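A.B. asks: starting from these lines, generate the structure:
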Amino acid sequence: MPWNVPILLTWLRILIIPIFTILFYLPTHWFSNPNLINWLAAGFFALAAITDWFDGYLARRWQQTSDFGAFLDPVADKLMVAVALILLVATNRTFALFAMIIIGREITISALREWMAQMGKRNSVAVAKIGKFKTTAQMAAIFLLLLTPSPLIGNSPEHTAWIWIIGNTLMAIACVLTLWSMLYYLKMAAKEFKA
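C.D. replies: So this is what the prediction gives:
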C-alpha cells in the first residue's frame, strides 16, 4: 500500500467518520451551548469535504495517483455521505426518501463500475460533470442540515428554519441530479454492451 500525502488525507477522511458520529451520541449537558454539537459536526464534515478535494488535486499535481488511492477515495466519500445521511434522517433533519435515493444510487453505480472494470471498460463510467454538480449540491445540503435541528420537531430556533429549508431544497436538487447522473452512467454502460 503506497503512503503519500493524498492517501493520508483520504485516511484522515475515514478517521473523521467515527469522531463525527460520536458527536451525535454525546450528552447535550456536556456542552454549555447545545448548538456546539451541530457546529462541530458541520465543521468535521466540512473538513472531510476539503480533504476530498485536496487529495485528488494533490495526487494529480504531484503525480502520486495509484490504484489503491483510486479505490480508497470513493470508499471514503461514500462512507462519509452515507453516515451523514443516516444521522440526518435519525435526527429528523432530512427525509428518508432523500437518503434512500442517494445511498441507493451510490450502491448501484459502484456495482456498475466494478462490473465494467472487470470487463476492462471502467472508463465508460468515469466521473462526469453532472456527477460533480450532484456532489457539490449534496455536500452543501449536508453541511447546512448539520448546522441546525429540524424545525419540524420543535426544538429548533425559528431564525434557523431558513437554513433547514435551504438545506433540504439543495438535498432535493441533489436527488434529482443523483437520478439524472445514474441514468447517464447506465446509458454509457448500455452503449458498451451494444457495441
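A.B. asks: checking Arg93 next. Helix, strand or coil?
C.D. replies: Recorded secondary structure, Arg93: coil (DSSP: H, G, I helix; E, B strand; the rest coil).
A.B. asks: contacting residues for it?
C.D. replies: Leu145, Leu146, Thr148, Pro149, Ser150, Trp164, Gly167 (Cβ atoms under 8 Å, 6 or more residues apart in numbering). All C-beta spots, glycine's among them, are computed from the backbone N, C-alpha and C.
A.B. asks: lowest-confidence helix or strand of this protein?
C.D. replies: Within the chain, no helix or strand scores below helix 36-61, which has a mean of 84 by mean pLDDT, DSSP states H and E.
A.B. asks: from the chain's centre, how far out does that helix sit?
C.D. replies: 11 Å (Cα atoms, centre = their mean, to the nearest Å).
A.B. asks: list the contacts for the residue nearest the centre of the chain?
C.D. replies: Of all residues in the chain, the one closest to the mean position by Cα atoms, centre = their mean is Val81, 3.1 Å from it. Counting by Cβ under 8 Å, 6+ apart, Val81 touches Ile102, Ile103, Glu106, Gln138, Ile142.
A.B. asks: that older thread, in helices, which of the contacts of Arg93 fall?
C.D. replies: Leu145, Leu146, Trp164, Gly167 (DSSP state H).
A.B. asks: the third one touches Leu146, doesn't it?
C.D. replies: Same thing as Trp164. No - Trp164 is beyond contact range of Leu146, at 10.8 Å (criterion: Cβ atoms under 8 Å).
A.B. asks: compare those two (neighbour count), which wins?
C.D. replies: Taking other Cβ atoms under 10 Å, Trp164 and Leu146 do not tie; Leu146 has more neighbours (28 against 20).
A.B. asks: which stretches of the protein have low pLDDT?
C.D. replies: For the chain, the stretches with pLDDT under 70 are 1-2, 69, 119-128, 152-159, 192-195.
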